[in-house]
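Asks: A predicted structure for the sequence below; I have some questions about it.
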Amino acid sequence: MSRFRFLFGWEFRNLLRFPVLELLVGFAVYLAVLSGEGGTSFNFPASIGSQIASHIQRHFHTKVQYLYVPMLFAAVVFASVGIAREIEAGYVKVMLSYPMRRRDLFLAKFLSCFLATLAIVGGAAFAVMFVQNWSVSLYIVSFPFTVFSVLVLLVVQTFYVTCVAAVVAVLSKNTALSFIGSFGVLYLPDYMSGLIGVKVPFLPPDSTGILGNFLLLGDTSAFWRLYDLTTFLEATVVPILIGAVLFQFSYVYFTRRFDVV
């Protein structure tokens with residue numbers, strides 16, 4: 001376990017050495033602010049906490065969807081640099097020449113990509129909240145369920161994006177192919193759905209919007225007037241299932257089938 005912690009810490013720090021981290025945070029904040037959702041600044045007195053909670057929930061749950069593009073960009077960059085580039089350059093072969101388990105190496109790389117991406121979009125979400133509604137954001141610690149629900153949305157969306165980026169990086173073994181392929185797989189469905197005006201409820205960010213509405217509205221008639229049970233299950237179960245299958249595939253391939261020679 002201590003060896004894995006050291007390996008994970010090294011991989012995580014290695015990703016954060018790139019100056020692209022700061023650019024990604026700025027890019028995420030810019031896109032979320034540009035969306036214009038929830039941009040009005042409010043000066044709520046502390047006595048009307050329900051209004052504060054409602055505004056914070058609407059703001060955060062909307063912003064998670066707008067953070068999808070910088071989220072996928074971050075995950076693609078980290079997977080391409082942390083996995084595909086190191087395979088292409090032969091660093092993985094060198095690392096595996098030491099007494100090191102392939103399982104530990106893969107998990108360290110995957111977790112570092114996942115947590116680095118989650119840290120970027122999570123920080124961006126709270127930064128946008130402060131920039132647009134600084135007076136309301138002062139009360140955020142008073143609403144732990146809102147913080148928890150936003151983290152759930154970010155974790156689910158980040159997990160799916162990281163799994164897709166990781167499997168493309170492992171299979172391509174090439175930095176450029178990994179970046180282009182992952183970006184295409186993750187962004188084209190969202191772009192095409194927006195272009196033709198058709199929602200894709202089983203893929204982010206549309207699935208994230210449905211899950212966010214459920215967390216915002218709860219199991220009420222207002223939510224079920226918008227969505228049926230099939231759509232709800234597609235939005236909540238299918239992205240996690242797809243991510244889990246892709247993670248398992250990339251894990252098995254890297255640990256058992258991957259040839260570093």
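Replies: Ah, there it is.
Asks: Look up how far Ala89 lies from the residue nearest the centre of the chain.
Replies: Most central in the chain under Cα atoms, centre = their mean is Thr158, positioned 2.1 Å from the mean C-alpha point. Note on Thr158: its distance to Ala89, by Cβ to Cβ, to the nearest Å, is 26 Å. Any C-beta I mention is one placed from the backbone N, CA and C, and that applies to glycine too.
Asks: just for the stretch 101-250 of the chain, where's the confidence low?
Replies: Applying pLDDT under 70 to the stretch 101-250 of the chain picks out residues 132-139, 141.
Asks: just the helices in it please.
Replies: Here the stretch 101-250 of the chain has its helices, by DSSP state H, counting those that start in this stretch, at 102-132, 134-137, 144-172, 175-196, 206-217, 221-226, 229-236, 238-252.
Asks: Just put these in CSV and tack on distance to Arg3.
Replies: Below are the helices of the stretch 101-250 of the chain laid out as CSV (distance: least, Cβ to Cβ, whole Å):
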stretch, distance to Arg3
helix 102-132, 7
helix 134-137, 41
helix 144-172, 21
helix 175-196, 27
helix 206-217, 36
helix 221-226, 47
helix 229-236, 36
helix 238-252, 18
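Asks: Val77 is nearest to which of these?
Replies: The minimum distance between Val77 and those falls on helix 175-196, with 7.2 Å, by Cβ to Cβ.
Asks: Counting neighbours, which bits of the closest one end up buried?
Replies: Thr175, Leu177, Ser178, Phe179, Gly181, Ser182, Phe183, Val185, Leu186, Pro189, Asp190, Ser193 (16 or more other Cβ atoms under 10 Å).
Asks: I'd like the residues you listed written out as TSV, with distance to Ala75 added.
Replies: Shown next, in TSV, are the buried residues of helix 175-196 (distance: Cβ to Cβ, whole Å):
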residue	distance to Ala75
Thr175	15
Leu177	16
Ser178	11
Phe179	11
Gly181	13
Ser182	8
Phe183	10
Val185	11
Leu186	8
Pro189	15
Asp190	14
Ser193	20
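Asks: Name the pair among those with the greatest separation in space.
Replies: Across these (Cβ to Cβ), the longest gap, 28.3 Å, separates Thr175 and Ser193.
Asks: Out of the helices of the stretch 101-250 of the chain, which gets nearest to Val94?
Replies: Nearest of the helices of the stretch 101-250 of the chain (Cβ to Cβ): helix 102-132, 11.3 Å.
Asks: Looking at stretch 10-26 now, give me its mean pLDDT.
Replies: Mean pLDDT, computed over stretch 10-26, is 69.
Asks: of the helices of the stretch 101-250 of the chain, which approaches Val64 most closely?
Replies: Closest approach to Val64 among these (Cβ to Cβ): helix 144-172, 4.5 Å.
Asks: Tell me how far Arg13 lies from Val131.
Replies: Counting by Cβ to Cβ, the gap from Arg13 to Val131 is 28 Å.
Asks: Show me which of the two is the more surrounded one.
Replies: Using other Cβ atoms under 10 Å as the criterion, Arg13 and Val131 rank with Val131 on top: 14 against 11.
Asks: any idea how far that one lies from Asp228?
Replies: 37 Å.
Asks: repeat for Leu153
Replies: In terms of Cβ to Cβ, Leu153 sits 21 Å off from Asp228.
Asks: So between those two, which is more surrounded?
Replies: Between Leu153 and Asp228, Leu153 has the larger neighbour count (other Cβ under 10 Å), namely 25 against 10.
Asks: correct me, but the more buried one touches Asn213?
Replies: No - shown here, Leu153 and Asn213 do not form a contact pair, counting by Cβ atoms under 8 Å, at 10.6 Å.
Asks: Would you confirm that Asn174 contacts Glu86?
Replies: No - Asn174 is beyond contact range of Glu86, at 11.5 Å (criterion: Cβ under 8 Å).
Asks: between these two, which one's more packed in?
Replies: Set side by side, Asn174 and Glu86 show more neighbours around Glu86, with 21 against 16, by other Cβ under 10 Å.
Asks: Which secondary structure element is home to that one?
Replies: helix 85-88 (DSSP states H and E).
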